[in-house]
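# Provide a 3D model corresponding to the input given below.
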Amino acid sequence: MYTFRFLILSIPILLCSACSRAQNSQTDQDPNPFIQEKLNDHLYVLKAPNYNTNVGVFVGMDAIVLIDPMTGTDNHSNLLNKIKELSDKPIKYVLNTHSHSDHSGANKFFSDLGATIISHENAAYSKAFTDVTFDRTYTVALGDETIELFHISAHTIDDAIIYFTKSNVVFMGDTYMTNSYPHFYYGGGSVGHTQILDKALALGDERTLIVPAHGVLSSNKMALLTYKQNSHTWMARIKELYSQKKTVEEIIKDPQIKQLSTVFNGNPTTSINRLKQTIEKTISSDLVVGIDLPASTLRQFQGKYGYDGGEVDAVILLDTKLYLYRQGYMFELIPLSKRKFHVRGQAPHRNVTFNLQGKVLVYFDGKESRVAKFSGSLD
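As a prediction, this is how the structure comes out:
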């Protein structure tokens, strides 16, 4: 496996029980203004006032485990101080739900303090720093708590949902958010989205708490099931309209799409541009039909491609699929012909074309093209 790793520089369902447990510690005098929710005697969710990622903190008998401990690039020390208010035990593990920087950006900071970073193995194709990787499942035993990690490609190719078996709490990462559209653009599309939601719904029991990546600090299975149903309705309605040759501008005006947009975002004034981009990404993820090409054909496109100005893209073959690593994100390339590929999860007309003789990649963003030349094989 090629490891393409970088070092980081450093619908509206508002749950009354969650709201009643949440304690907002922000005051004019408080130098460390985090929102905090105590899920049980050992498990907390924290959120910085100006950064929307939910951070998990488990305080075990001898050590601490963190989930996605990123609350802003210049806020690592404040987060550490907040954790020390909960416990002065050492931080032993950091677990990532996926590699995107708003979740993994503090990995190196906590690694330098002695924590072991655990991520899915596909995080190697990202900027995220990690120490230990796993394939399908991974288990962390810490005193009387057992933590289980499960991988399904959904939001990204390195998603992991994290289940605290005794505490009966599931951390979902960006596969579940209570203030945004479903995000299945960088990984498994709507199929993976459904699979990972089903996996989470199968864990625990009716009392299981669900921690979304963004939005409310904690949720539950009833809310997650509603989210799944709304996701299915969203995808089915867009597919229906798209099959009727409706344009994105026409889909935006559809009453059901408008209503679902309000449900997902909790806000009827969500920008038209954001709605348009999300519809385009849904179409791109699920409704662009490609052809099958053998791995031997795909393999010849692997390599690094450099643009004028120094920007570099990488083309990587994983199993039988080709991916474009671009600006910190991995996108599957869907073959439209032997040389032309759709960039999945972006605008429907975004594509990449290869010229084998000159080893050239042409990236078309839907409006204009940029040319990158082959600059070397993958290390």
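# show me where the stretch 101-250 of the chain has helices.
Residue ranges of the helices in the stretch 101-250 of the chain, as given by DSSP state H, counting those that start in this stretch, are 101-104, 107-112, 189-202, 221-243, 248-252.
# Going by contacts, tell me the helices and strands next to the last one.
It stands for helix 248-252. Applying 3 or more C-beta pairs under 8 Å, 6 or more residues apart in numbering; DSSP states H and E, one finds that helix 248-252 contacts helix 221-243, helix 272-286. Placement of C-beta: from N, CA and C, glycine included.
# how does it look with 10 Å?
helix 221-243, helix 255-265, helix 272-286 (3 or more C-beta pairs under 10 Å, 6 or more residues apart in numbering; DSSP states H and E).
# And it, what's buried?
Residues Val248, Ile251, Ile252 are the ones in helix 248-252 that count as buried (16 or more other C-beta atoms under 10 Å).
# Now do it: everything it contacts.
By C-beta atoms under 10 Å, 6 or more residues apart in numbering, the residues outside helix 248-252 that reach it are 237-238, 240-242, 244, 246, 257-258, 261, 272-273, 275-280, 282-283, 347-348.
# Ok, the second one next?
Helix 107-112 is contacted by residues 7-10, 64, 66, 68-70, 73, 76-77, 79-80, 83, 91, 93-94, 96, 99, 101, 115-117, 119, 123, 127-131 when judged by C-beta under 10 Å, 6+ apart.
# Can you flag the buried ones in those residues?
Buried among these (16+ other C-beta under 10 Å): 8, 64, 66, 68-70, 76, 79-80, 83, 91, 93-94, 96, 99, 101, 115-117, 119, 123, 127-130.
# just checking, which of those belong to strands?
Under the assignment DSSP state E, the buried ones among the contacts of helix 107-112 contribute Ile64, Leu66, Ile91, Tyr93, Val94, Thr116, Ile117, Ser119 to strands.
# Among those, which one lies nearest to Thr53?
Checking those against Thr53 by C-beta to C-beta gives Leu66 as the nearest, at 11.8 Å.
# ok, that closest one to Gly189 distance?
According to C-beta to C-beta, to the nearest Å, Leu66 and Gly189 sit 30 Å apart.
# picking up where we left off before, go through the ones in strands among the buried ones among the contacts of helix 107-112 and say which is closest to Asp158.
Out of these, the member with the shortest distance to Asp158 (by C-beta to C-beta) is Ser119, at 6.5 Å.
# pretty sure that closest one contacts Thr97?
Yes. If you go by C-beta atoms under 10 Å, Ser119 and Thr97 touch, sitting 9.0 Å apart.
# so what sits against both of these two?
In contact with both Ser119 and Thr97: His103, Ser104, Leu149, Asp158, Ala160, using C-beta under 10 Å, 6+ apart.
# Backbone dihedrals for the fourth one, both of them.
For Asp158, the backbone dihedrals are phi -130, psi 30 (criterion: degrees, to the nearest 10).
# Right, I'll leave it there.
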